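> Sequence unavailable; structure follows:
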C-alpha cells in the first residue's frame, strides 16, 4: 500500500490491525467513491479494489510473521514478489454507509500460495460484499 | 456508465462497439491508474473495476437487444435493475502498456441471470487479465 | 439431494443440521472417493461436488424458512427452481482423513439470488477446502 | 488422470488432443452421471469434476511442452507437484445430451502458477458450462 499512489489515496484505506492470522482496515465514504449518484452507494470497482488490497495486506502480514531471522533486505525482496493470482468478489448488498470496514482472514498460508477471505461491512455492521483471493508468495 | 462520476472519469473507459453478443472498450494509461510506481503498471483495483464495468455493459447491451417493442420507460426501468452478482478476476501478467482494450462476450443471456467473460489486453495484444462475471437482469 | 441417484450415493453425504442461517453435513472416506492412490486423499471432483451440494442445500434450507404459509405444492415448485449459478472452490490442503464435515453459511438470502460460503474439514478439524456459491432462487 | 481410479472411471473422460496451448476431451452420458432423474441431465458435481480435470490436464500438457531436456524422473517429479489452487465453474445451461466435449486453453503458463479456461459442450455444440482454474506448477 503505497499511500502516495493516486489510486490508493482515492480509496483512503487505513489500517486498524495487522496480525499473522488476519488484518482489518477502514475507510470513509466520499463523493469520489460513489458509483450510483441517485442512491449514493459505493462504486463496484471501489469494493473490488478495497477487498483485493485487504486480501493482499492480510497475506503480507501473515508472510512477515514467518520471516523471523531474515535480513530487512531479504524481507523487502520477498514482499515485493507478493502478487494477486485471482480474486472473487460477491456483491451482497448495496454499498450504503458513511464508514466502511474491511477485514481479511488467512485460509491458507503456504510457501508459494496464500489464500485469504475478505469481508466489507458498513458502520452498522451490514455485510456488503465478501471476497476470496489467491496470492503468490516469495 | 455515468461518465460524470469521478470514479468512471478516473478510469476513462471509452466504447469501441456494443453488440448483442459482445462489447469492446479502451482506455489510455495515465499516472492516476498506476499501482506500482517503480514498474509503472496498472493498479489491480483499476483492472478489476474495468473488467467489472466491461462485463456489466456487455450484458446490458445484450439485454437491450432483446427489449424490442418495450417503451423507453420500461427499458430504463429494467436496465436500472442490472447489477453484478459476483466476479472473478485472474491477473495474468503485469499491466504494462500505453493503451488498453477490454472486451466482453456473452456466455449466458437469461431472463434473470447473464454471464460474461472479459479480457484486458494492451496495445501489443498482450493478455493482461481475464474475468468472468454473473449479473442480475430485470 | 436425491439419495437414490448413483452419484449422490457415491458421495454419501448425510445431514447433521439444517437451519435458516446454515447447514452441516458429513461423509465417510471410502475407496471410491480417492483421487490419489499413493497418498489416499480425496479426489478434487469429490470436494467440489460436496461443497456445491452443501451450498445448494444451505440456500434451500434458508429459502424453506421463508416460505411460511405457502402450500406444499408451491414450496416444491419453488424449490425445484433452485440451481447453481456459479461456484468457486479453493483447495487449501490435501484431503486426508477418515470422516469429513462440510458446512454452509448464508451470506445473502435474496428473492432471486442467494449466496453461501462453504467449508470442508476432516475429523481433526483441519480445513481442507472452502467455497463460495451463487444460487438462483424461485 | 489415473484411469484405474473409481472416480475417474465413473467420469470416463477420454483424450481427444493434448497440445502445449490447449487440450480436448470427451465423455459419454450414462446413468451414473445423472443429477436430475426427471430431466436426465448431468450432475453438477460431474460438471465441476470434468472441468477441473480438463484444466489440470491442459496445464500439465503445457508444462510438459516446456520440459525439453529434462530426465524422465525429473519430469515425473515436477508433474506430481501440479495441483489445483482454485477453480470457478459457471453453470450456463442444463447438462442435456448424449456425448459431451470439454476443452481447456492456456491463459497463463508461468513457472509457478498456470491458468486455464475450460468449456463443456454437448454433441450439438451447446455451451453447458465454463470454468477458470489456477494451478500450481513445479
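Perfect, thanks for sending it. Keep in mind that this is a model prediction, so the values were computed, not measured.
> Tell me if stretch A:37-54 is near chain D.
No. Stretch A:37-54 lies apart from chain D when judged by C-beta under 8 Å from any C-beta of the partner chain; the minimum separation is 14.9 Å. C-betas here are computed from N, CA, C, even on glycine.
> again, but for stretch A:99-118
Yes. Using C-beta under 8 Å from any C-beta, stretch A:99-118 reaches chain D at A:112, A:113, A:115.
> I'd like to know the average pLDDT value across that stretch.
The predicted model gives stretch A:99-118 an average pLDDT of 96.
> list the buried ones in that stretch?
A:100-110, A:113-118 (16 or more other C-beta atoms under 10 Å in any protein chain shown).
> for stretch A:84-98, same thing?
Residues A:84-97 are the ones in stretch A:84-98 that count as buried (16+ other C-beta under 10 Å).
> Residue C:127 versus the most centrally placed residue in chain A, what's the distance?
When C-alpha atoms, centre = their mean is applied to chain A, the residue found nearest the centroid is residue A:54 (0.9 Å). With distances taken as C-beta to C-beta, to the nearest Å, residue A:54 is found 20 Å from residue C:127.
> Is the residue nearest to residue A:40 when sequence neighbours are not counted bridged to anything, and to what?
Sequence neighbours aside, residue A:34 is the residue nearest to residue A:40 in space, at 5.9 Å (criterion: C-beta to C-beta, 6 or more residues apart in numbering or on different chains). Beta bridges link residue A:34 to residue A:42, judged by DSSP bridges.
> what does the model give residue A:34 for pLDDT?
93.
> Could you report the neighbour count for it?
20 (other C-beta atoms under 10 Å in any protein chain shown).
> ok, it to residue C:133 distance?
Taking C-beta to C-beta, one finds residue A:34 at 30 Å from residue C:133.
> Residue A:111 now?
For residue A:111 relative to residue C:133 (C-beta to C-beta), the value is 29 Å.
> go on, residue A:106?
22 Å.
> Check residue A:86 too.
For residue A:86, the distance to residue C:133 equals 17 Å [C-beta to C-beta].
> Packing partners of the helix or strand that contains residue A:118?
Per DSSP states H and E, residue A:118 falls inside strand A:113-122. On a contact count with 3 or more C-beta pairs under 8 Å, 6 or more residues apart in numbering or on different chains; DSSP states H and E, strand A:113-122 meets helix A:44-64, strand A:99-109, strand A:127-136, strand D:83-91.
> quick one: it to strand C:113-122, angle?
Orientation of strand A:113-122 against strand C:113-122 (axes from the mean of the first three to the mean of the last three C-alpha atoms, to 10 degrees) gives an angle of 140 degrees.
> Adjacent strands (with direction) for strand A:113-122?
As assigned by DSSP bridges, strand A:113-122 forms pairs with strand A:99-109 (antiparallel), strand A:127-136 (antiparallel).
> In CSV, list these along with distance to residue B:26.
Shown next, in CSV, are the strands paired with strand A:113-122 (distance: least, C-beta to C-beta, whole Å):
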stretch, distance to residue B:26
strand A:99-109, 31
strand A:127-136, 27
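> In chain A, what helix or strand scores lowest on average pLDDT?
helix A:72-79 (a mean of 83; mean pLDDT, DSSP states H and E).
> check whether that helix contacts chain D.
No. Judged by C-beta under 8 Å from any C-beta, helix A:72-79 and chain D are separated, with a smallest distance of 13.8 Å.
> Tell me the predicted confidence for residue A:64.
Looking at residue A:64, its pLDDT is 89.
> returning to that earlier point: looking at the buried residues of stretch A:84-98, point me to the pair that's furthest apart.
A:85 and A:96 (31.1 Å; C-beta to C-beta).
> How about the residues of chain A by chain C?
A:88, A:90, A:92, A:93, A:107, A:108, A:115, A:117, A:127, A:130, A:132, A:134.
> can we see that at 10 Å?
With C-beta under 10 Å from any C-beta of the partner chain as the criterion, chain A meets chain C at residues A:86-93, A:107-110, A:113, A:115-117, A:119, A:127, A:129-134.
> so what's the closest residue to residue A:58 other than its chain neighbours up against?
Distances taken as C-beta to C-beta, 6+ apart place residue A:104 nearest to residue A:58, at 3.0 Å, with adjacent residues excluded. Residue A:104 makes contact with A:18, A:21-25, A:51, A:53-62, A:116-119, A:131, A:133, according to C-beta atoms under 10 Å, 6 or more residues apart in numbering or on different chains.
> run the last query once more with 7 Å
A:22, A:23, A:54, A:55, A:58, A:116, A:118 (C-beta atoms under 7 Å, 6 or more residues apart in numbering or on different chains).
> Repeat that for residue A:23.
By C-beta under 7 Å, 6+ apart, the contact set of residue A:23 is A:17, A:54, A:57, A:58, A:61, A:104.
> Closest one to chain B out of those residues, please.
Within the contacts of residue A:23, the smallest distance to chain B is 11.0 Å, found for residue A:54 (C-beta to the nearest C-beta).
> I'd assumed residue A:25 was in contact with the closest one.
Yes. Under the criterion of C-beta atoms under 7 Å, residue A:54 makes contact with residue A:25 at 5.7 Å.
> Give me the common contacts of those two.
The overlap between the contact sets of residue A:54 and residue A:25 (C-beta under 7 Å, 6+ apart) consists of residue A:102.
> Tell me who's in contact with residue A:86.
Counted by C-beta under 7 Å, 6+ apart, residue A:86 has contacts A:134, B:88, B:89, B:90, B:91, D:86, D:134.
> Would you verify that residue A:25 is located in a helix?
No. Assessed with DSSP: H, G, I helix; E, B strand; the rest coil, residue A:25 is strand; it does not lie in a helix.
> I'd assumed residue A:12 was in contact with it.
No. In terms of C-beta under 7 Å, residue A:25 does not count as a neighbour of residue A:12; the distance is 10.0 Å.
> And the two? Which one has more around it.
residue A:25 (25 against 16).
> any idea how far the more buried one is from residue A:51?
Applying C-beta to C-beta to residue A:25 and residue A:51 gives a distance of 10 Å.
> Which residues are in contact with each of these two?
Residues within reach of residue A:25 and of residue A:51 at once, by C-beta under 7 Å, 6+ apart, are residue A:102.
> still on that earlier bit, which members of the contacts of residue A:23 are the farthest-apart pair?
A:17 and A:54 (12.0 Å).
> where does chain A come near chain B, residue by residue?
A:2, A:5-7, A:31-35, A:37, A:43-46, A:48-49, A:52-53, A:83-91 (C-beta under 7 Å from any C-beta of the partner chain).
> again, only using 8 Å
A:2, A:4-8, A:10-11, A:31-37, A:43-46, A:48-50, A:52-53, A:56, A:83-91.
> Now the buried members of those residues.
A:5, A:7-8, A:10-11, A:32-36, A:43-46, A:48-50, A:52-53, A:56, A:84-91.
> element containing residue A:10, please.
helix A:6-11.
> Run through who's touching that helix.
Residues from elsewhere that reach helix A:6-11, judged by C-beta atoms under 8 Å, 6 or more residues apart in numbering or on different chains: A:1-3, A:27, A:32-33, A:46, A:49-50, A:53, B:7, B:10, B:31-35, B:43, B:45-46.
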